[in-house]
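Chemist: Just need the structure, nothing else, for what follows:
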Amino acid sequence: MSKPENPRNPKVIALVVAAGSGSRMGKDLPKQYLPLGGRTVLRHCLETFGRHPSIAAVRVVINGALRDLYDAAVHGLDLLPPVNGGARRQDSVRLGLESLAAERPDLVLIHDAARPFIDAGTIDRTISTLAHHDGALVAVPVVDTLKRGQNEGDTVFSGATVDRTGLWRAQTPQGFHFEKLLAAHRRAADGPEMTDDAAVAEAAGMRVALVLGHEDNFKITAPADLERAERMMSEQMEYRTGNGFDVHRLIPGDGVIMCGVTIPYHQKLEGHSDADVGMHALTDAILGAIGAGDIGQHFPPSDPQWRGAASWKFLDHAAKLVAGKGGRIAHCDITLICEKPKVGPHRAAMQARLAEILNVAPDRVSVKATTTEQLGFTGRGEGIAAQATATVALPLGR
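Modeler: Numbers count the residues shown, from 1 in each chain. Below you'll find the model as predicted:
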């Protein structure tokens with residue numbers, strides 16, 4: 001899907017290249033699908049582009065053989081359908097550009113999926129630079145002394161000092177006027193491989209202006225890069241905790257819905273929606289962690305559109321509010337309080353369903369059950385209660 005266009009502004013689409021194998025990481029998964037702070041490396045940059053008000057749409061170029069990994073990584077995000085890449089990065093970008101022709105963008109930003117820390121300010125500078133230039137290349141000036149290595153057997157010795165004046169380290173995004181870049185990639189398709197889109201554009205006679213980037217916008221290539229990224233994530237986040245509690249009455253029926261799983265039973269829970277007491281408590285816990293009120297404010301029981309509604313919609317809404325703040329759900333813990341039906345045989349299915357809705361690993365979700373030793377309304381089998389705690393990580397200052 002695309003965001004509504006502002007007729008006074010150019011239509012900008014972000015094309016994120018995620019078709020590589022990432023073999024230098026030495027991991028079983030390509031680097032773009034590795035976990036980073038509870039989300040994949042890929043998802044971090046997609047969320048940043050997706051939140052940016054000047055980006056009309058986002059498309060990802062993927063390795064079609066890894067479609068399942070991609071689908072899991074982007075669950076819940078509003079993206080254009082992905083397109084399969086080619087043998088080389090240059091081929092992948094060209095195929096991505098060809099697929100965008102029907103979207104008719106004015107500008108396109110090409111970004112590497114392995115750069116998770118792209119920020120809104122850099123995106124702003126890239127787009128504004130394109131108002132006056134053919135292309136915009138995000139880069140940072142070289143500040144370290146450069147030495148030319150001299151190989152002698154198994155040893156590399158320091159050789160001549162290289163003048164670093166005017167040298168910059170290229171990053172992404174690299175921004176261009178769409179039609180010009182597409183034409184440049186078509187001309188370069190059968191030629192020698194070029195390492196980035198600026199080189200393709202320059203070979204076609206386009207002038208590419210440098211845009212000041214940021215040291216945090218580094219590319220995850222080796223294990224040490226991932227360790228650095230994980231340290232940055234922990235330093236840039238604050239953790240908040242919210243609590244939720246809910247109760248529903250048991251009435252005659254054919255099954256109880258708890259945490260997204262229907263347990264066959266001679267009763268059911270009574271409520272305006274599907275009365276999923278576990279999901280309601282967890283939704284309130286997440287809303288509480290981000291200071292967003294409670295479930296009744298977002299889904300009033302007086303509103304007929306929520307009569308009989310599936311509670312996963314409420315939980316999904318709360319999770320998207322967290323993502324919209326640039327945050328993530330670090331952990332959640334639900335306790336179901338009832339005598340019957342027995343929760344134990346269904347615990348794993350509940351955990352898996354909640355993890356799917358929240359787009360987190362199953363080990364970030366805990367589902368427990370207890371009784372009140374036949375005391376109170378739950379002990380008498382009149383109803384079921386649930387309490388939940390959610391821990392949410394948010395960027396500092398959000």
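Chemist: Can you tell me which helices and strands the lengthiest strand in the chain packs against?
Modeler: Identified as the longest strand of the chain according to DSSP state E is strand 237-252. Packing partners of strand 237-252 (3 or more CB pairs under 8 Å, 6 or more residues apart in numbering; DSSP states H and E): strand 267-269, helix 277-289, strand 383-395. Backbone N, C-alpha and C define where each C-beta goes, glycine included.
Chemist: Recalculate using a threshold of 10 Å.
Modeler: Judged by 3 or more CB pairs under 10 Å, 6 or more residues apart in numbering; DSSP states H and E, strand 237-252 is in contact with strand 255-258, strand 267-269, helix 277-289, helix 312-324, strand 328-337, helix 376-379, strand 383-395.
Chemist: Most tightly packed of those?
Modeler: helix 277-289 (a mean of 28; mean count of other CB atoms under 10 Å).
Chemist: picking up where we left off before, columns distance to Ala113 and mean pLDDT on top of the helices and strands packed on strand 237-252, output as a markdown table?
Modeler: A markdown table is the format used below for the helices and strands packed on strand 237-252 (distance: least, CB to CB, whole Å; pLDDT from 0 to 100):
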| stretch | distance to Ala113 | mean pLDDT |
| --- | --- | --- |
| strand 255-258 | 37 | 94 |
| strand 267-269 | 43 | 91 |
| helix 277-289 | 27 | 96 |
| helix 312-324 | 18 | 91 |
| strand 328-337 | 18 | 94 |
| helix 376-379 | 48 | 91 |
| strand 383-395 | 20 | 93 |
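Chemist: Export these as JSON lines, with columns for distance to Ala224.
Modeler: Formatted as JSON lines, the helices and strands packed on strand 237-252 follow (distance: least, CB to CB, whole Å):
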{"stretch": "strand 255-258", "distance to Ala224": "44"}
{"stretch": "strand 267-269", "distance to Ala224": "51"}
{"stretch": "helix 277-289", "distance to Ala224": "33"}
{"stretch": "helix 312-324", "distance to Ala224": "28"}
{"stretch": "strand 328-337", "distance to Ala224": "23"}
{"stretch": "helix 376-379", "distance to Ala224": "52"}
{"stretch": "strand 383-395", "distance to Ala224": "23"}
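Chemist: quick one: which of these is nearest Gly96?
Modeler: Nearest to Gly96, of all the helices and strands packed on strand 237-252, is helix 312-324, at 24.1 Å by CB to CB.
Chemist: what angle do that closest one and strand 383-395 make?
Modeler: 20 degrees (axes from the mean of the first three to the mean of the last three CA atoms, to 10 degrees).
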